[in-house]
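Trainee: this one's sequence-less:
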């Protein structure tokens, strides 16, 4: 038994050595937009498309942050009110009126959701269609109703796209991290996303790794149309990564980075809210494959859970041959997690607790599969989708 456990500890250590050395340095969490890019000519027209469903409580801040952009080119907004039963549309219009920017905002009522579409993507599609009739913008800013943008964020996004000839520039927005559950789980969520999609590999043209973060995506309109448009991914639950894969498969260039200036306003005060956020789409990430689910669970156990458990067991049993590699693997894990904690201004003392977060996320993934097997798929704003994407609610 000692031999088997020691082999597991060594395998875990080897896995972390690979993560630290052969995965593009994702764990450094240092892929950021340049604050000042050189000039490149006239600033192109941008239209922001915001799908919104029952967002009356926070859409004012989102709309105001976009209308207040320090952007030298033309920027206008389209808010697609996806059949809200609150004052989402009125709050968006009121915000524009207070800022004297009514001419830069269109609020359109969403049409009924057709079969085969997820709710969010159908709302985005309607906004993109409307944008195509408004002087054909060079870029579309696809963003969520709960995102607050720093006043220079659009300038930096466009500068990156134009200077480096990128077709999709995306930012992993800074998620809210105030409550106890948020402090334990939100930085870990961002770390796992970087681990799954190493940003340096996403941004490398020759790499097959493709990803984006849906809260803030600046996409070149011509590249979107060339790849088939939003309709080509209409059934995608994880729509941001689906969009990135589609554009990269057509030869488009991606850039994905982190930010502290563009922030999510969405609170995740309880374990239940975070659990729901993850469980609604985690199994879709695994392509609804039981084999991938089993492999993921086993991988999470080996990489995240085995090191602390075997380290403690080896120390208690007085078996340094077991404790040493397990402790080194646990240390490597903590070292890798530290930069993401720093991004969220959390103490380095939380780094050794990453296995706790990993255990919870593993349980959320299993629960996501359970929900799917019960005939429920992804959800967006009160809609739950069955396996054939027929919405209810």
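Mentor: Looks like it arrived, so ask away. Just so it is clear, the model here is predicted, and its values are computed rather than measured.
Trainee: now do the strands in the protein.
Mentor: Under the criterion DSSP state E, the chain contains strands at 46-52, 75-81, 105-109, 139-143, 147-148, 168-174, 216-220, 254-264, 379-380, 383-385, 391-392.
Trainee: ok, which of those comes nearest residue 127?
Mentor: Counting by Cβ to Cβ, residue 127 lies closest to strand 46-52 out of the strands of the chain; the figure is 3.5 Å. (Glycine included, C-beta is placed from N, CA and C.)
Trainee: re earlier: would you format the strands of the chain as CSV with distance to residue 7 included?
Mentor: Compiled in CSV, the strands of the chain are given as follows (distance: least, Cβ to Cβ, whole Å):
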stretch, distance to residue 7
strand 46-52, 50
strand 75-81, 54
strand 105-109, 60
strand 139-143, 47
strand 147-148, 46
strand 168-174, 36
strand 216-220, 43
strand 254-264, 36
strand 379-380, 41
strand 383-385, 43
strand 391-392, 48
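Trainee: mind checking which of those strands is nearest residue 204?
Mentor: Among the strands of the chain, the nearest to residue 204 by Cβ to Cβ is strand 254-264 (9.1 Å).
Trainee: packing partners of the closest one?
Mentor: Where contact means 3 or more Cβ pairs under 8 Å, 6 or more residues apart in numbering; DSSP states H and E, strand 254-264 is packed against strand 147-148, helix 153-163, strand 168-174, helix 199-202, helix 239-249.
Trainee: among those, which is the most enclosed?
Mentor: Mean neighbour count (mean count of other Cβ atoms under 10 Å) peaks for strand 168-174 among the helices and strands packed on strand 254-264, with a mean of 27.
Trainee: angle of that strand against strand 254-264?
Mentor: Angle, strand 168-174 to strand 254-264, by axes from the mean of the first three to the mean of the last three Cα atoms, to 10 degrees: 30 degrees.
Trainee: re the thing from before, got TSV for the helices and strands packed on strand 254-264, with mean pLDDT and distance to residue 116 too?
Mentor: TSV is the format used below for those (pLDDT from 0 to 100; distance: least, Cβ to Cβ, whole Å):
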stretch	mean pLDDT	distance to residue 116
strand 147-148	97	27
helix 153-163	95	31
strand 168-174	98	24
helix 199-202	98	28
helix 239-249	96	14
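Trainee: longest helix anywhere in this protein?
Mentor: The single longest helix within the chain, with elements called by DSSP state H, is helix 320-343.
Trainee: give the rounded mean pLDDT of that one.
Mentor: Averaging pLDDT along helix 320-343 yields 98.
Trainee: go on, stretch 350-361?
Mentor: In this model, stretch 350-361 has a mean pLDDT of 98.
Trainee: list the buried ones in it?
Mentor: Within stretch 350-361, the residues scored as buried using 16 or more other Cβ atoms under 10 Å are 350-351, 354-358, 360-361.
Trainee: that older thread, would you format the helices and strands packed on strand 254-264 as JSON lines with distance to residue 29 included?
Mentor: As requested, the helices and strands packed on strand 254-264 are exported to JSON lines (distance: least, Cβ to Cβ, whole Å):
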{"stretch": "strand 147-148", "distance to residue 29": "20"}
{"stretch": "helix 153-163", "distance to residue 29": "18"}
{"stretch": "strand 168-174", "distance to residue 29": "10"}
{"stretch": "helix 199-202", "distance to residue 29": "9"}
{"stretch": "helix 239-249", "distance to residue 29": "19"}
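Trainee: of those, which approaches residue 190 most closely?
Mentor: Nearest to residue 190, of all the helices and strands packed on strand 254-264, is strand 168-174, at 6.4 Å by Cβ to Cβ.
Trainee: pLDDT below threshold where in the stretch 201-350 of the chain?
Mentor: Across the stretch 201-350 of the chain, nothing is flagged by pLDDT under 70.
Trainee: on that earlier part again, nearest to residue 283, of the helices and strands packed on strand 254-264?
Mentor: Of the helices and strands packed on strand 254-264, nearest to residue 283 by Cβ to Cβ is helix 239-249, at 14.4 Å.
Trainee: any idea how far residue 265 is from the closest residue to residue 52 other than its chain neighbours?
Mentor: Nearest residue to residue 52, sequence neighbours excluded (Cβ to Cβ, 6 or more residues apart in numbering): residue 145, at 4.0 Å. Per Cβ to Cβ, to the nearest Å, residue 145 is found 9 Å from residue 265.
Trainee: got it, and residue 147?
Mentor: Look at residue 147 and residue 265: by Cβ to Cβ, they are 7 Å apart.
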